[in-house]
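I would like to see how this sequence folds:
(one chain, ligands or ions: 2)
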Amino acid sequence: MMEGLAGRAPRLTTDLTALEAAAGRVMAPEAFAYVSGTAGSGATGRAGRAAFEALRLVPRMLRGTRRADTSVTLFGQRLPVPVLLAPLAAQQVAHPEGESATVRAAAATGVPMVLSTFASRTLEEVAEAAGGHPRWFQLYLPSDRAVGASLVRRAEASGYGAIVVTVDATHLGFRPAELDSGYSPFLRGTGIANFTSDPVFRAGLPADADATQAVLRWAQISTDPTLTWEDLAWLRGLTRLPLLVKGILHPDDARLALEHGADGVVVSTHGGRQLDGSVSALESLPAVRAAVGSDVPVLMDSGIRTGSDVLKAVALGADAVLYGRPYVYGLGLDGGRGVEHVLRCLLTDLALALALTGCASLADVGPHVLANGDLR
Ligand SMILES: Cc1cc2nc3c(=O)[nH]c(=O)nc-3n(C[C@H](O)[C@H](O)[C@H](O)COP(=O)(O)O)c2cc1C
Ligand SMILES: CCCCCCC(=O)C(=O)O
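Ligands and ions are numbered 1, 2, ... in the order given. Model prediction:
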């Protein structure tokens, strides 16, 4: 149960839109700049929130819904809620336990985690902390494909249930907050654990390599600006796990992803961290859904903060959402307890939003829950 509902004031705010300011007061300034930062002028980050705020839900009365069913089935896996934790790199910048604390909180709330390639804990450590709790692996395909193949093999061996390949950051966005603080977690060795623990990566280093040499090699091979759709087809041939492509905003790219072997797509602006001035993810979502048809899993992220936001995304065609920065702010504020608090707030808010719109389950959610200016 949420602390606030147990008759005590919670340790952290239950206002999910206020977490960023709260975290900004306690996190190390450079870590906060890394997590909260966006590309360029911040226009895409703001547009992400504005798109959700511009939509209005229409409440419906006396539907007799005691508790709405929030469960959803994705790739044959039944999830209690249409929410997964978005892959956010280098979580040790927020708390020393990093992704291990996050995944324990995720398990306690039933929310699967998508682990970043650039996690600060290895994918095996996180699998162990997760126990049997479902988790997916996000892949940045390295320019050294043998390392990429090794990461996929390790994810399969450690029980990750899907591969989410991110395609929107082959060139890193221009991020003033990071540039101004002169700080990158990766260049200090945080967020490269999946590489330094990888036998194929290590084979490319001299036997006596020090930490600096490992960071330099990571910087050389960890991403690949020359990626094309053919590389997705290659990746498809490497694994039988469900394969999702993250970072899609154009319906033609969604079609291309499917043509090259993807099983699903994630509509995302990377939280406004890549192309400044881009269309928001919520604006793109209906066109992407229309392009792929009703049977292909479509997830979305970028700007989701509240339960009503999740409902709006589902109404516009998402099967599920990835929840991003707020849980890392929870991690920065109170470790695993903070993540759990944030998730319990979100899930309680979502269940209430469903019931208040008169929906007994997610299957009842559609464009009709949104005001379109004509309520006749
Ligand atoms: C600090 C930070 C690190 C991120 N690291 C990754 C990553 O390693 N891989 C990835 O695919 N996306 C990454 N993302 C993007 C998120 O997965 C997600 O798309 C984004 O956070 C959604 O925006 P929101 O948090 O504002 O809702 C990162 C985002 C942030 C804020
Ligand atoms: C060299 C690529 C760094 C990407 C870092 C992780 C990420 O997706 C983000 O910070 O955003």
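
Quick check, Pro225 in contact with Ala169.
No. Here Pro225 does not reach Ala169: they are 9.9 Å apart, not a contact under CB atoms under 8 Å. No exception for glycine: its C-beta is placed from N, CA and C like everyone else's.

quick check, Leu84 in a strand?
Yes. Counting by DSSP: H, G, I helix; E, B strand; the rest coil, Leu84 is part of a strand.

measure it to Glu124 for me?
20 Å (CB to CB, to the nearest Å).

Compare the two and say which is more crowded by neighbours.
Neighbours per residue (other CB atoms under 10 Å) separate Leu84 from Glu124, with Leu84 holding more: 25 against 16.

How much space separates the more buried one from ligand 2?
Using CB to the nearest ligand atom, to the nearest Å, we find Leu84 at a distance of 16 Å from ligand 2.

and that residue, what are its bridge partners?
Beta-bridge partners for Leu84, by DSSP bridges, are Leu322.

wait, what's in contact with it?
111-114, 136, 299, 320-323 (CB atoms under 8 Å, 6 or more residues apart in numbering).

Which one (most neighbours) among the residues you listed?
Busiest of the contacts of Leu84 [other CB under 10 Å] is Met113, holding 30 neighbours.

from memory that one sits against Ala130, does it?
Yes. In this structure, Met113 is within contact of Ala130 by CB under 8 Å, at 7.1 Å.

Now do the SS call for Val266.
Reduced to three states with three-state DSSP, the structure at Val266 is strand.

about what we covered before: near ligand 2 too, which of the contacts of Leu84?
Near ligand 2, judged by CB under 6 Å from any ligand atom, there are no entries from those.

Next, count neighbours for the residue in the stretch 251-376 of the chain that ligand 2 sits nearest to.
Nearest to ligand 2 in the stretch 251-376 of the chain, going by CB to the nearest ligand atom, is Arg273, at a distance of 4.6 Å. Per other CB under 10 Å, the neighbour tally for Arg273 reads 24.

do the one 4 residues further on as well
Applying other CB under 10 Å, we find 11 other residues in the vicinity of Gly277.

Same question for Pro225.
Other residues within reach of Pro225, judged by other CB under 10 Å, total 9.

Could you pull up the residues touching it?
Contacts for Pro225 (CB under 8 Å, 6+ apart) come out as 170-171.

try Ser308
Contacts of Ser308 (CB under 8 Å, 6+ apart): 52, 57, 349, 353.

A helix includes it, no?
Yes. Assigned with three-state DSSP, Ser308 falls within a helix.

Now Val265: closest residue in space, sequence neighbours ignored.
In this structure, Val265 finds its nearest non-sequential neighbour in Ile248, 4.6 Å apart by CB to CB, 6 or more residues apart in numbering.

my guess is that neighbour meets Ala262, correct?
No. In terms of CB under 8 Å, Ile248 does not count as a neighbour of Ala262; the distance is 9.1 Å.

remind me which residues of the protein are low pLDDT?
Across the chain, the ranges flagged by pLDDT under 70 are 1-7, 376.

list the contacts for the residue of it found nearest ligand 1?
In the chain, no residue comes nearer to ligand 1 than Gly324, which is 2.2 Å away by CB to the nearest ligand atom. Shown in contact with Gly324 (CB under 8 Å, 6+ apart): 86, 88, 271, 301-302, 304.

which non-adjacent residue is nearest it?
That would be Ala86: by CB to CB, 6+ apart, it lies 4.1 Å from Gly324.
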